[in-house]
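Chemist: I'll drop the sequence and a predicted model, then ask my questions.
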Amino acid sequence: MGNETKVALAIGAAIDFAMPQSLQDALQLALANHFNGAFVFSNGALASEEFSYSHIWNRALCVLQGLQKSGCKLGDVLIIDAGNPTTFIPALWATLLGGMVAVPLTFSRWNVRAHREFKDRLDKIHATLAQPLILSDDEDLFWHKGRRQISFRQLGEYSPAEGITSTDWAAPAVLISTSGTTGLPQLVTLNGKALMHRWWPAGPSAPNQTRFLNWMPLDHVMGLGIAGPNGQLKIHLAPESFVQKPLGWLDLIQSHGITHAGMSNFGMKLIADTASLFNWDLSSLQRVGVGTEMISAKVCTRFIEVLASNGAPAETVILGYGLSECGPVAGGKRSFLPALHNNGHEPPLIDSPTQGHSIRIVDQDGSLCQENEIGQIEVCGPTMTSGYYGNPELDKLIFTADSWFRTGDTGYLRGGCLCVTGREKEVILVNALKFSCSEIDSVVQSIPGISLAYVFPWDDDGKQIERPALVYATDKTNVDFSTTESLIRKTCVDRFGFGLARCICIEPEELPRTRSGKVQRGRLAEIFIRTDTSHSSPLEVKPPETLQNKIAALMTSLLDGVTPNLTDDFFELGGDSLGALTFTVALEQKLGISLPPAIFARAPTLGNVLAFVQTQTNSASSGRLSIVSVQTGTSRKGLFITPGLWGNSGYAHNLAIEMGPEFSVWTFHITAPANWALRFHSVPELAQECCTLMQTVQPQGPYHIAGHSFGGMIAFEMGQQLFASGQAVGTLSIIDMTAQLMHRDFNVDTTKPTDYVIEHYRLLNKLYLPRLIEGPLRYFRARDSVYLPLSDKTGGWSYLSKNGVEIIDIPGDHQSIVRNPSLGILSKHIVAGIRGEIGFLHPHLSISEIARIAIDEARNACVKGNVLLEIESLKRAIAAEPNVSSWVFTRLAHALLSADQIGPVAETYLSALKRDPWPLTTHFHLRTALIHNRSSNFGLHALHFAKQTKIDSPAIARITGAIFLMLGEAAGAERSIRTGLEQVPESLELRLQLLNFLVENKRFSEAEEQLVMSLAHPIANDEAYFGLGILAIKLNKFDLATDCLQKSIDINPGNARALDILEKIQAAKGNIESAQHLKSRLEIVLHDQLFRSE
């Protein structure tokens, strides 16, 4: 290494700027100097959301106000769900602005086996912090009974906070959950000063026009850096998206002109393994900083070849060194040049210290080494941690007497540049997480029959280190090595979340030891080299001629050459969650097999993969209906989800994920909805085929069935048929669908082939005559739904269920009840029901016996076509039960109209409305009746009644206004609507009605005033804002239209019509980038609306 004798001490350049003395001041200064900056949050496939720094700032002030109103004060510690940057970054800024302490935590949703580990981690952190407030919308993962918790949605409803108080920069700001240098879970404390120097290494006021891309989790030391407001653009690519489609990282560089990016050794390998050359324009790229783990020179060289071949400079990659505890202490200047690293087995030289930092190498006595001499790495500088939270004894071990930080790594300095050679302590790094070797040894040695065990990092000819290896010895003579090895591998997966690359049984004397008897862990790999053995498999690798061999070959490529048999567990053979995800991606890309990662993680064997493929290939089908497996559970219990109005159940996959791995989930798919010849003629016919197919996969009950909207009627009829045939029904869940008792078209049997999918099923719903069912029902009501019945909280189902109805209220409206976060709450109740935990059952028929008999007579009369008897019976029911449900009045009004008894029709409809002001169906029936009878006596009677009706609610104002408008009484219509708005100014529905009236009458200036007023009362109704946007376009107020349509999209990101029109507006304005972004989002929304069997 040369003959120079230079002390191993490197000192970085001095800090040449003045950092503000408080984090709050620095944050505000950074925003002032980067006022045009923006964040982009991408989930891959060019699907991104862009938010300006000022937008995030305003949201942060609202969250801060909410925190303060919730009792949070200076110094309080808050656990923040960092899974979604759109909610996390505003919450993080709010926490910092309020002088509170943030603890970011992220759960990887594609890592199914990590669910328990995350829960344990959260429990331990929560106990350490002594009742912190938890910020999250994810009730399943983060919320727990007895804990202090609040949702981002609640916090965002507050008005912005006023006045920011500066705090001392020495006060704690962030706690990072990490394994630390010890390999044991710790909370690393970063005070305001440390965080500021990490976010703004050149100061918050320094000009910065970079466009930065990162994919690290936001609770990771590198991922957290994305939250700092600096640079022109900061893009965060969701980690799950990067792992699934790593080339999306290159797509983002090209589409957004990225200049700087963060990367890890693992990420470089993913890109180098999958990229084909000359497909991207990467000429904008200036720097890619690589850190977080040991760096392989071979992998780095292959990664640079990909970048350089696509237009990036050859010197693009710079290496860095840092830990959660110390931040970036080396890197930023020296490019990695492959020509200088011909020997790929040696770790590369990284760089000199960053500004304000120093690095030294010391021996075991703490004395300075010479350059080129390997020793322990110690660092100091402004980004250092102030210690581990609540562990002062450990702090004494990680800091020297002169306040240098002991990293726990070994390395050397050469020419002032650092090279990291390994770990001082016995700690291994797996997927950027540190684990204590001694803890792993101890756990494996606790397995009966294991006398000793030693784990160590595995490096196979420079390949990326993803899993460790292990040697063990037994205290038995007759040992089934295959069973023992399988148990060891399973123990590592269950306890630590990773598999083993290699595992072998040895004799104790084979262990390499020092003269004092200490095992030399660094030489354990020599045992494998000597024996050249690894896991043996019953299945030999053969040319991949059959599908089984092709799938096995893909699995083998991710198991270091280990070939699985049909029953081998992928994780027990050394696979991990990242490998599982990579396997499912390779299946789709190379074999055209779409296997959801969650399904594979729950049944990770070759045999189960083949069974899944067979199930999807040979799904049970009747020719016009098929049953599709969404997931295979670990128990024998499962859920069957009925088809909805479009002939499928698009929410089934997400519901299965929320329910967890215990339950199988199946759904039905109408195979050719546009084929009129294959149409279903009735709800019972469709339900019967669902039952037949269901019994092909589960011959016997109890059956658990659920259906949303129209699917609720199918679920009910399936239950009716199963009960009638003597089959057991476990649970029958109706999701936001009333019993539709207002319909009276049972004797109609003709249909029209128009808009088949929707209109035909709506007609089938009208023709359906539900009958009394034997078992109980579970009725899930969307609390904000326009279908929410007030006069009968059971939605009419108590009339049809002999054993009663369980009522469960779920947040959301008719559409959002099957989207998260509502879907997560819904799934908990469905799971509880499957497990037999049924709540209070509201009794069957809370009305009088006289009313019940009269209603039954009315239904029978309707079926027979005797409308006069039907009317008489319904009137008798109302007389016997004045508080009868609104649907009885609606039925009566419909019957009166059919019998040409025009006089009382309008009054009867209004009576229904007074009992249930907002059910969409009653409004619809009355409007339909008016449209078809506006010139008849009914129209005259309705007009007379409207004039005599007192406007005492928005509902009455809305319907009387509609009557006047339909019958040409403009003055009456305007008077009714304005009276309603005087009573309830925030009624957006009435405001829309008035706006339409004004536009149609060419009173444009008044309409513009009303349009502005409508935005003063925000509500969570995307369709209402969409309607406002359309009216704004008619008024040529495109800025207002943009605001309205954006509000619609903010409420419902899947509103395709709003995305489509807003994209056209942006394109017309010349905002090409914004238009392209909206077009990409629209394509994804339209794609997601298609049925996906997985």
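Modeler: In hand now; what should we look at?

Chemist: so where's the stretch 401-550 of the chain uncertain?
Modeler: 422-426, 431-434, 436, 438, 459-466, 476-478, 513-520, 522, 529-545 (pLDDT under 70).

Chemist: where do the strands sit along it?
Modeler: 405-414, 417-423, 427-430, 433-436, 450-456, 469-474, 502-505 (DSSP state E, counting those that start in this stretch).

Chemist: now render those strands as TSV, adding distance to residue 151 and mean neighbour count.
Modeler: Quick note: C-beta positions are derived from backbone N, CA and C, even for glycine. Listed next are the strands of the stretch 401-550 of the chain as TSV, based on distance: least, C-beta to C-beta, whole Å; neighbours: other C-beta atoms under 10 Å:
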stretch	distance to residue 151	mean neighbour count
strand 405-414	38	22
strand 417-423	41	20
strand 427-430	33	21
strand 433-436	29	20
strand 450-456	41	20
strand 469-474	43	22
strand 502-505	45	21
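
Chemist: residue 912: which of those strands is closest?
Modeler: Of all those, it is strand 433-436 that lies closest to residue 912, at 61.1 Å by C-beta to C-beta.

Chemist: about what we covered before: for the strands of the stretch 401-550 of the chain, which one sits closest to residue 789?
Modeler: Closest of the strands of the stretch 401-550 of the chain to residue 789 is strand 433-436, at 51.3 Å (criterion: C-beta to C-beta).

Chemist: the helix or strand encompassing residue 189 pairs with which strands?
Modeler: Per DSSP states H and E: residue 189 is located in strand 186-191. Next to strand 186-191 in the sheet, as set by DSSP bridges, lie strand 172-178 (antiparallel), strand 387-388 (antiparallel).

Chemist: list of residues touching that strand?
Modeler: Contacts to strand 186-191, defined as C-beta atoms under 8 Å, 6 or more residues apart in numbering, come from residues 103, 125, 128-129, 169-180, 198, 324-325, 385-391, 394.

Chemist: average pLDDT for the helix or strand following that strand?
Modeler: Next in sequence after strand 186-191, counting helices and strands by DSSP H and E, comes helix 192-199. Looking at helix 192-199 alone, the average pLDDT works out to 93.

Chemist: could you give the angle of helix 192-199 to strand 172-178?
Modeler: Using axes from the mean of the first three to the mean of the last three C-alpha atoms, to 10 degrees, the inter-axis angle of helix 192-199 relative to strand 172-178 is 60 degrees.

Chemist: with just CA atoms, put helix 192-199 into PDB.
Modeler: As requested, the backbone C-alpha atoms of helix 192-199 are provided in PDB (Å, rounded to 0.1, in the frame of the first residue of the first chain):
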ATOM      1  CA  GLY A 192     -32.700  20.400  15.000                       C
ATOM      2  CA  LYS A 193     -29.100  21.200  14.200                       C
ATOM      3  CA  ALA A 194     -28.400  17.700  12.900                       C
ATOM      4  CA  LEU A 195     -31.600  17.600  10.800                       C
ATOM      5  CA  MET A 196     -30.900  21.000   9.300                       C
ATOM      6  CA  HIS A 197     -27.400  20.100   8.200                       C
ATOM      7  CA  ARG A 198     -28.700  16.900   6.600                       C
ATOM      8  CA  TRP A 199     -31.400  18.700   4.700                       C
END
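
Chemist: helices or strands up against the helix or strand following that helix?
Modeler: Where DSSP H and E defines the elements, the next helix or strand beyond helix 192-199 is strand 211-214. Packing partners of strand 211-214 (3 or more C-beta pairs under 8 Å, 6 or more residues apart in numbering; DSSP states H and E): strand 233-237, helix 248-256, strand 260-264.

Chemist: distance from the chain centre to strand 211-214, please.
Modeler: Centre-to-centre, strand 211-214 and its host chain are 22 Å apart (C-alpha atoms, centre = their mean, to the nearest Å).

Chemist: tabulate the helices and strands packed on strand 211-214 in a markdown table, adding columns for mean pLDDT.
Modeler: Output for these, formatted as a markdown table (pLDDT from 0 to 100):
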| stretch | mean pLDDT |
| --- | --- |
| strand 233-237 | 93 |
| helix 248-256 | 91 |
| strand 260-264 | 90 |
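
Chemist: need the winner for burial among those.
Modeler: Most buried of these, by mean neighbour count (mean count of other C-beta atoms under 10 Å): strand 233-237, with a mean of 24.

Chemist: quick check: angle from it to helix 248-256?
Modeler: Counting by the same axes, to 10 degrees, strand 233-237 lies at 150 degrees to helix 248-256.

Chemist: oh, and call the first residue 41 from now on, that's how I've got it
Modeler: Yep, numbering from 41; the last one is strand 273-277 now.

Chemist: show me what strand 273-277 pairs with in its sheet, parallel or antiparallel.
Modeler: Its sheet considered, strand 273-277 pairs with strand 78-82 (parallel), strand 251-254 (parallel) by DSSP bridges.

Chemist: I'd like those laid out as JSON lines, including mean neighbour count and distance to residue 91.
Modeler: Shown next, in JSON lines, are the strands paired with strand 273-277 (neighbours: other C-beta atoms under 10 Å; distance: least, C-beta to C-beta, whole Å):
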{"stretch": "strand 78-82", "mean neighbour count": "21", "distance to residue 91": "5"}
{"stretch": "strand 251-254", "mean neighbour count": "24", "distance to residue 91": "15"}
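
Chemist: can you redo these as JSON lines with mean pLDDT and distance to residue 720?
Modeler: Shown next, in JSON lines, are the strands paired with strand 273-277 (pLDDT from 0 to 100; distance: least, C-beta to C-beta, whole Å):
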{"stretch": "strand 78-82", "mean pLDDT": "91", "distance to residue 720": "42"}
{"stretch": "strand 251-254", "mean pLDDT": "94", "distance to residue 720": "50"}
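
Chemist: ok, back up a step: so can I have TSV of the helices and strands packed on strand 251-254 showing distance to residue 375?
Modeler: Below are these laid out as TSV (distance: least, C-beta to C-beta, whole Å):
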stretch	distance to residue 375
strand 273-277	23
helix 288-296	18
strand 300-304	13
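
Chemist: tell me which helix or strand of this protein sits lowest on mean pLDDT?
Modeler: Of the helices and strands making up the chain, the lowest-confidence element is helix 960-973, at a mean of 57, by mean pLDDT, DSSP states H and E.

Chemist: one step back: out of the strands of the stretch 441-590 of the chain, nearest to residue 328?
Modeler: Minimum separation from residue 328 across the strands of the stretch 441-590 of the chain (C-beta to C-beta) falls at strand 457-463, 18.5 Å.

Chemist: how about the strands of the stretch 591-740 of the chain, start to end?
Modeler: 665-671, 678-681, 704-710.

Chemist: of all the ones you listed, which lies closest to residue 925?
Modeler: Residue 925 lies closest to strand 678-681 among the strands of the stretch 591-740 of the chain, at 28.3 Å (C-beta to C-beta).

Chemist: show the average pLDDT along the closest one.
Modeler: For strand 678-681, mean pLDDT rounds to 93.

Chemist: how far away from the center of its chain is it?
Modeler: How far strand 678-681 lies from its chain's middle: 22 Å, per C-alpha atoms, centre = their mean.

Chemist: who are the packing partners of it?
Modeler: On a contact count with 3+ C-beta pairs under 8 Å, 6+ apart, strand 678-681 meets helix 692-699, strand 704-710, strand 743-748.

Chemist: and the angle for the shortest one with helix 692-699?
Modeler: The reference is to strand 743-748. Going by the same axes, to 10 degrees, strand 743-748 makes 120 degrees with helix 692-699.

Chemist: any idea which helix or strand comes after strand 743-748?
Modeler: helix 750-764.

Chemist: quick check: residue 1046 vs residue 449, distance?
Modeler: Distance of residue 1046 to residue 449, given as C-beta to C-beta, to the nearest Å: 72 Å.

Chemist: likewise for residue 905?
Modeler: In terms of C-beta to C-beta, residue 905 sits 87 Å off from residue 449.
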